[in-house]
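Undergrad: Below is the sequence, then the predicted model.
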Amino acid sequence: MVEVKQITDLMVTPFYSLTRIVIIIFYYMTGKFIIYGILFIFISSCDMYTGTSGKVLDQETGKPISDASVVLLDKLDSTKTNDKGYFEVRKSTGAYKVDPEVLITKAGYKPFQLKKEHTSKGTSYIVKSELIYVDFDKPVYPDPKNRKTFLVCTSIEKWSQDFRTGDTLIFYLTRDDRKSEIENIKSEIKNK
C-alpha cells in the first residue's frame, strides 16, 4: 500500500515530470506489461508514406514540361513540375501502406494517370487508357479503286501512354491535337 501512495503523491507533486511517472509505473508493472506497452507505443508511432517522384517530358520534342499539375490521388497531395520537369509528391498514410497513383495534367496535352503497385514479386505499373471514337467528316477509302470498302470512324487514345522506369520515372505527355491526329490516321489508311 505504501508504494501506491508514493506513486499517487508523485502524480500530485508538480516537480516530477511525466517521464519519471511513466518510468515508476513501468517499474511496478510485470515484465509482459512493459513489453506490450513499449510495443504499443512503437507500433502506434509508425507512419507510412506514399508518393512518387519523376520527370515530365514532351512526347514529340523530349523537352521538359514545366508547371504541369501532378496530383497524388486518394491522398490529395499536389504539386507542379519545376522548369526542368521534375516533381515529387509524398503524403503520410498513417499506419497502413498505400500504393501511389498520380494524375499529371497540362493544358494542351493529354493527361497521364499511373498507379504503382508494389508486391513481393516487384513493382508493376498500371497506365490509364480510354479510347475516344471519332467520326470522319466523309468516308475514307483504303483502296481508291474499291469504293465498297470504306471507313467512317476511328478511335484515338484520350490519355498519354508512354513512360520509362529507371532511376527516375519519366512521363511523356502527348500533345492533345485531335484534328492533326485524325488527319495522320487518314493518311496512314490511304497509304497502306
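TA: Good, I have the coordinates. Bear in mind the structure is a predicted one, so any value in this text is a computation, not a measurement. Numbers count the residues shown, from 1 in each chain.
Undergrad: Any idea how many residues pack against Ile65?
TA: 22 (other C-beta atoms under 10 Å). For the C-beta atoms, the positions are set from N, CA and C on the backbone; glycine is no exception.
Undergrad: The residue nearest to it when sequence neighbours are not counted: which element?
TA: Spatial nearest neighbour of Ile65, excluding adjacent residues (C-beta to C-beta, 6 or more residues apart in numbering): Val56 at 4.7 Å. Counting by DSSP states H and E, the element that carries Val56 is strand 48-58.
Undergrad: Give me the mean pLDDT for that strand.
TA: Across strand 48-58, the average pLDDT comes to 85.
Undergrad: any idea how far the nearest residue to Glu130 once chain neighbours are set aside lies from Gly122?
TA: Sequence neighbours aside, Lys158 is the residue nearest to Glu130 in space, at 4.5 Å (criterion: C-beta to C-beta, 6+ apart). Distance, Lys158 to Gly122, by C-beta to C-beta, to the nearest Å: 29 Å.
Undergrad: Could you do Ser78 as well?
TA: Using C-beta to C-beta, one obtains 28 Å as the distance from Ser78 to Gly122.
Undergrad: Also Gly62?
TA: According to C-beta to C-beta, Gly62 stands 28 Å off from Gly122.
Undergrad: re earlier: compare Lys158 and Gly122 and say which is more crowded by neighbours.
TA: Lys158 (14 against 7).
Undergrad: can you give me the helices in this protein?
TA: Taking DSSP state H, the helices of the chain run over residues 2-12, 18-28, 31-44, 178-190.
Undergrad: Contacts for the last one next, please.
TA: This points to helix 178-190. Helix 178-190 is contacted by residues 134, 136, 140-142, 144, 151, 154, 156 when judged by C-beta atoms under 8 Å, 6 or more residues apart in numbering.
Undergrad: picking up where we left off before, mean pLDDT lowest for which of the helices of the chain?
TA: Among the helices of the chain, helix 2-12 carries the lowest mean pLDDT (a mean of 40).
Undergrad: CA atoms of stretch 86-105 as CSV?
TA: Only the C-alpha atoms of stretch 86-105 are listed here, as CSV (Å, rounded to 0.1, in the frame of the first residue of the first chain):
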residue,chain,number,x,y,z
TYR,A,86,10.8,17.4,-62.1
PHE,A,87,8.3,16.8,-59.3
GLU,A,88,7.8,14.9,-56.1
VAL,A,89,4.5,14.1,-54.3
ARG,A,90,4.5,12.4,-50.9
LYS,A,91,1.9,12.0,-48.2
SER,A,92,1.5,10.2,-44.9
THR,A,93,-0.9,7.3,-44.9
GLY,A,94,-0.9,6.7,-41.2
ALA,A,95,-0.2,3.1,-40.1
TYR,A,96,-1.1,1.4,-43.4
LYS,A,97,0.6,1.2,-46.8
VAL,A,98,-1.0,2.7,-49.9
ASP,A,99,0.3,2.2,-53.5
PRO,A,100,0.7,5.7,-55.1
GLU,A,101,-1.4,6.7,-58.0
VAL,A,102,-0.7,10.0,-59.8
LEU,A,103,-2.5,12.2,-62.3
ILE,A,104,-0.5,14.5,-64.5
THR,A,105,-2.2,17.3,-66.5
